[in-house]
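**Student:** Using only what follows, build the 3D model:
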Amino acid sequence: MKAAQLDRYSREGRLTVREVAVPEPAADEVLIKVRAAAINPLELLIVRGSIRLIQDYRLPQTLGNECSGVVERVGSRVGKFRPGDAVYTRLPLERIGAFAE
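**Tutor:** Residues are numbered from 1 along each chain as shown. As a prediction, this is how the structure comes out:
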């Protein structure tokens, strides 16, 4: 799948779109087929490295904190969602990655 990733912290905020592996959801996670992702001021803070004291990402990092889409797969302990469900979310700071298919 294609993903917009940050390779290094900088003032310019350049992302690279590249092909990455589709992640497997953990037992308590869902995999979302992203239809729309929000760009908000938090992305700029991450790109510039301004939040490294709170969350220092291992680079390259797929950006994106908010998205909507459709559940593709669910983990073994997920009970409230099923494939095909329409969803929207604000991802946990340590598990961002909405700028991907």
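**Student:** Which helix or strand in this protein has the lowest average pLDDT?
**Tutor:** helix 41-48 (a mean of 94; mean pLDDT, DSSP states H and E).
**Student:** Can you pull out the residues in contact with the helix or strand following it?
**Tutor:** Per DSSP states H and E, helix 41-48 leads on to strand 61-62 as the next helix or strand towards the C-terminus. For strand 61-62, contacts defined as C-beta atoms under 8 Å, 6 or more residues apart in numbering pick out 3, 4, 5, 6, 20, 46, 96, 97, 98, 99, 100. In this view, the C-beta of every residue, glycine as well, is placed from N, C-alpha and C.
**Student:** So how do I select the buried members of these in ChimeraX?
**Tutor:** Buried residues within the contacts of strand 61-62, by 16 or more other C-beta atoms under 10 Å, are selected in ChimeraX with:
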select :3,4,5,6,46,96,97,98,99,100
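**Student:** from the contacts of strand 61-62, which is closest to residue 33?
**Tutor:** residue 100 (9.9 Å; C-beta to C-beta).
**Student:** Just grab the bridge partners of the closest residue to the closest one other than its chain neighbours for me.
**Tutor:** In this structure, residue 100 finds its nearest non-sequential neighbour in residue 3, 3.7 Å apart by C-beta to C-beta, 6 or more residues apart in numbering. With DSSP bridges as the criterion, residue 3 is bridged to residue 18, residue 100.
**Student:** So for residue 3, what's the pLDDT?
**Tutor:** At residue 3, the predicted lDDT confidence score is 98.
**Student:** where are the low-confidence patches of the chain?
**Tutor:** Counting by pLDDT under 70, the chain shows no low-confidence range.
**Student:** gap between residue 77 and residue 27?
**Tutor:** Going from residue 77 to residue 27 by C-beta to C-beta, to the nearest Å gives 4 Å.
**Student:** meant to ask about residue 38
**Tutor:** Counting by C-beta to C-beta - residue 38 and residue 27 are separated by 27 Å.
**Student:** likewise residue 61?
**Tutor:** Counting by C-beta to C-beta, the gap from residue 61 to residue 27 is 23 Å.
**Student:** Tell me which of those two has more neighbours.
**Tutor:** residue 61 (20 against 9; other C-beta atoms under 10 Å).
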